[in-house]
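> Just to be clear, the model below is a prediction. Sequence and coordinates:
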Amino acid sequence: MATTMRGLTQFIADIRGARVRELEEKRINKEMANIRKKFKDGNLDGYQKKKYVAKIIFTYILGYKVDVGHMEAVNLISSPKYSEKQIGYLAVTLLMHENSDFLRLVVNSIRKDLHGNNEIDNCLALHAIANVGGSEMAEALAEDVHRLLISPTSESFVKKKAALTLLRLYRKHPDVIPAAEWALRIISLMDDEDLGVVICVTSLVMALAQDHLHAYAVSYTKAVDRLNRLVIEHEYSATYAYYRVPSPWLQVKLLRLLQYYPPSEDPAIRSVLHQVLQTTMDNSAEPSRNVQHNNAQHAVLFEAIGLAIHLDTNSPLVNTAAVLLARFISSKETNVRYLGLDTMAHLAARAESLEPLKKHQSTIILSLRDKDISVRRRALDLLYSMCDIDNSELIVGELLRYLRVADYALREEMVLKIAILTEKYATSYKWYVDTILRLISAAGDHVGEEVWYRVVQIVTNTEDLQEYAAKVVFEHLKAPTAHESLVKVGGYILGEYGHLIANEPGYSPLEQFHILHSKSQFCMAATRSLLLSTYIKWVNVFPEIKPQLVLIFERYRHVLDSELQQRASEFYALAQRPEEDELLQNVCEEMPPFPPRSSALLGRLNKDQGDTEDKRTWIHGGKDANVDRELTRRKTLIQANGSTASHIAIGAPSTQDVMGSLVGLDLRHTEVANSSERPNLAVGPNIDRWYEKLMFSSEGVLFEDVQIQIGIKSRYQGHIGQLAIYIGNKVPTPLTSFITAVHVDDPDALSVTFAKLPPNVIAPRTQTQQLLHIECKKAFSTPPILTVSFLAGSHQTTSIRLPIVLTKFLEHVKLGQADFFERWKLIGGAPRESQSIFPVTLNNAGQLDLSKFRQVVAGHKFNLLDDIDPNPNNLVGAGVLHTSVEGKVGCLLRLEPNKEAKLCRLTVRSTSENVAKEAQKLLQKSLTTDT
């Protein structure tokens, strides 16, 4: 640029040569005047516009206000020359804010560059959108950015920029991005060959999945598969090996993404994950001498430990992790200590037992005095999370001692956490009051209103505590200085319960008055108002000090503060009423107990901690806090979705249940779609015919179109089954980003899992096999759905029913005529009998198609019993349904076709009415369908 624009070079040289600011301003004003004149005269070519706009940009970067050149920058964007277009885009991103009216003029130019075939122009446009990205621009161009991201013709570096631009737009304007609609197409890019693209797309998926968990559920399998290829199979180019660690940034993102979802029940996925995590921990067992290698390895390791904790806190992996963490919190490196303490806090938030952590309690307490404040903060969080009934007094005592020397940035958070722990794990009410008053005395201005409110509430509601609290607060007020919060607590408690100690030596009414009133002169108006309320109560219960109290009211009647003046005037009038008047007694009655309510302290703590773009999957505060958080989150989501299918019971919090204060808080707004949401099924006469035939046969074609063919072969024994799915690619190009998923309506009744992770590419004109393991737990009525999606030019998705029906789990039973009819009568009629009469079609010879009837009944796994029914046309069958939860269920059937009436009566009896209805429905469907 400097070699082609001599005027700009000279201008920059003049600015740098200015010895004082006045000379610099003079030179800039002169240049700006010249530029205005040139723009006003017009007739400038592209080179001149570029040069003058570049000077304006340089002036703006120096910090001077610029009010010229916006229109010329807009015009430069439309230039076909790269150098001019680049300066135009640079000016737009620097000089214009997201609500600028000029941006409306550049939207069409940006869209044109997005649609163009020049990758450099694409990137300039994406930079502008990401940097400026107002709501109007986001609405107008989000679709175009998405198109550029998913286009098979886009270069890798364009896809990377497009993914990050969409991420930027989503964070600023989430409503503009149809995240659920674009889910499968975006997830498919996680299989891209370029790991740079995968890193950028994973960043985008992480942001979208946090708010649309169900829509992005397929990303779970993709993340596991990619981790397996990176860590186990070492499928990556040397470019992405950072100090011998394969793409650590991608690994960290994938491990974090997996923590957003509940642990998978699929044994294949769990096995691969366990292998990945075990390998990661083994690789980090011995530290390297290379600092960069250690940093990369530790970044992956800590995220892997976080995932291991998320999956199962009782696994051997977590035990290994606990040993590693103990080593890390004593490390000489500040970053390692920080991450070790943070990850240990995650373990404390999930673990069933805190005993492994308590072994290192002294080390953690020492970390409170670390030279780095971030490490001190993490140590505080960890102590807060690992506190329980056994070590509460020790931890709270240490925190109170440290509070006096703690950083001011930490004190308010420490006060909240000490107050929460003191209330939650109080071994006695006396210890609670002592600790909280020590806290208020030590913390001073860092004590929020919520702390002393809570003390007052608990003392008021606990009768046995009131006398002790009055004595203790009186002793604390004897100190030469007392913080205002302590004066408020003292004013309330002595006003309500001072009479309980008034007859004891050293606690007379006059001494209570002197000690409390001596502190009032240093207090704010609100505190003095509270003390006036204390005094009027004392007028009622301590008549011996009434003259002193009336004198106070008289004095405060003439202050400038209106609230104090009004309160003093009203109390003065009350105090002057005759002693036999009951009004004063009624007004000054003892406060009744507060209604049961939860503590506001946790709400305040959660609010102070705030939220980040990358949301945590856990909170500080131990296992109970995280369980309550999860219950609250599910309850909120279920109410939001209008679903009543929840089996989660959430009890009302008790008075002392501080964890109940999480109820109703907005803890991470995560959307989880109703699990009963079914994929949209592919339709067509052949699809239905193939499915209905496979209901009573073990192999055949399930789906076929011009691109793929899906066939199945199955076998069943007892309640267990195996289903092999053969997927063939019929086209001469590979099917990439191949995803297969199975949706089961009722997982409690039927389990369907893949034997191993499905492949993500099917080569041209080849076939791949996927094996499903099936378990029937109890009777079910809805078959599972197989969803197949892939890229073949465009993104294709097909959902079809799998022919896994209840009768597949029947086994033959041999019965004689007498046994059959005995059991038939024993089961009896309705409701354990299901019967239907339906029309049948005769064959070409005008006869009943008995061979088809026999094939259907036998295909549904009933044992055909001959010589049972005297009518040779009637069919009799018997079978036993095997389930892993409900055990064995007997099932008998009679099929009675009538040639003359062209009708058939089907009767099924079973020891389970649900099994009888389902078997009858399946048999009738197969008998009436022309397959």
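Thanks, I have it. Numbering: from 1, shown residues only.
> How is this structure divided into domains?
686-804, 807-928 (the TED database).
> avg pLDDT for the first one?
When pLDDT is averaged over domain 686-804, the result is 91.
> now it: how far from the chain's centre is it?
How far domain 686-804 lies from its chain's middle: 30 Å, per C-alpha atoms, centre = their mean, to the nearest Å.
> Kindly report the same for stretch 474-486.
Worked out by C-alpha atoms, centre = their mean, stretch 474-486 lies 45 Å from the chain centre.
> Can you give me the buried ones in that stretch?
474, 476-477, 482-486 (16 or more other C-beta atoms under 10 Å). For every residue, glycine as well, the C-beta is placed using N, CA and C.
> In these, find the pair that's most separated.
Phe474 and Glu484 (16.9 Å; C-beta to C-beta).
> mind listing which of the buried residues of stretch 474-486 are in strands?
Assigned to strands by DSSP state E, none of these qualify.
> so can I have CSV of these showing distance to His293 and pLDDT?
Shown next, in CSV, are the buried residues of stretch 474-486 (distance: C-beta to C-beta, whole Å; pLDDT from 0 to 100):
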residue, distance to His293, pLDDT
Phe474, 63, 89
His476, 56, 87
Leu477, 60, 87
Ala482, 57, 82
His483, 52, 81
Glu484, 55, 83
Ser485, 52, 84
Leu486, 54, 87
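> Could you please name the strands the longest strand along the chain pairs with and the direction of each pair?
Longest among the strand segments of the chain by residue count, using DSSP E, is strand 887-898. Strand 887-898 has the following sheet partners, assigned by DSSP bridges: strand 875-883 (antiparallel), strand 903-910 (antiparallel).
> Reformat the domains of the chain as a markdown table; add distance to Asp312 and mean neighbour count.
Converted to a markdown table, those look like this (distance: least, C-beta to C-beta, whole Å; neighbours: other C-beta atoms under 10 Å):
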| stretch | distance to Asp312 | mean neighbour count |
| --- | --- | --- |
| domain 686-804 | 17 | 18 |
| domain 807-928 | 22 | 17 |
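> and of those domains, who's closest to Ser385?
domain 686-804 (32.2 Å).
> now the end-to-end length of that closest one.
Taking C-alpha to C-alpha, to the nearest Å, the first and last residues of domain 686-804 lie 18 Å apart.
> Same check on stretch 714-732?
End-to-end span of stretch 714-732 (C-alpha to C-alpha): 29 Å.
> Tell me where the stretch 401-550 of the chain has helices.
Counting by DSSP state H, counting those that start in this stretch, the stretch 401-550 of the chain has helices at residues 408-424, 429-443, 449-461, 466-477, 484-497, 509-520, 525-541, 546-556.
> Could you single out the most deeply buried of these?
Among the helices of the stretch 401-550 of the chain, ranked by average contacts under mean count of other C-beta atoms under 10 Å, first place goes to helix 484-497 (a mean of 25).
> could you say what helices and strands that helix packs with?
Counting contacts by 3 or more C-beta pairs under 8 Å, 6 or more residues apart in numbering; DSSP states H and E, helix 484-497 is packed against helix 429-443, helix 449-461, helix 466-477, helix 509-520, helix 525-541.
> What is the third one packed up against?
Other helices and strands packing on helix 466-477, by 3+ C-beta pairs under 8 Å, 6+ apart, are helix 429-443, helix 449-461, helix 484-497, helix 509-520.
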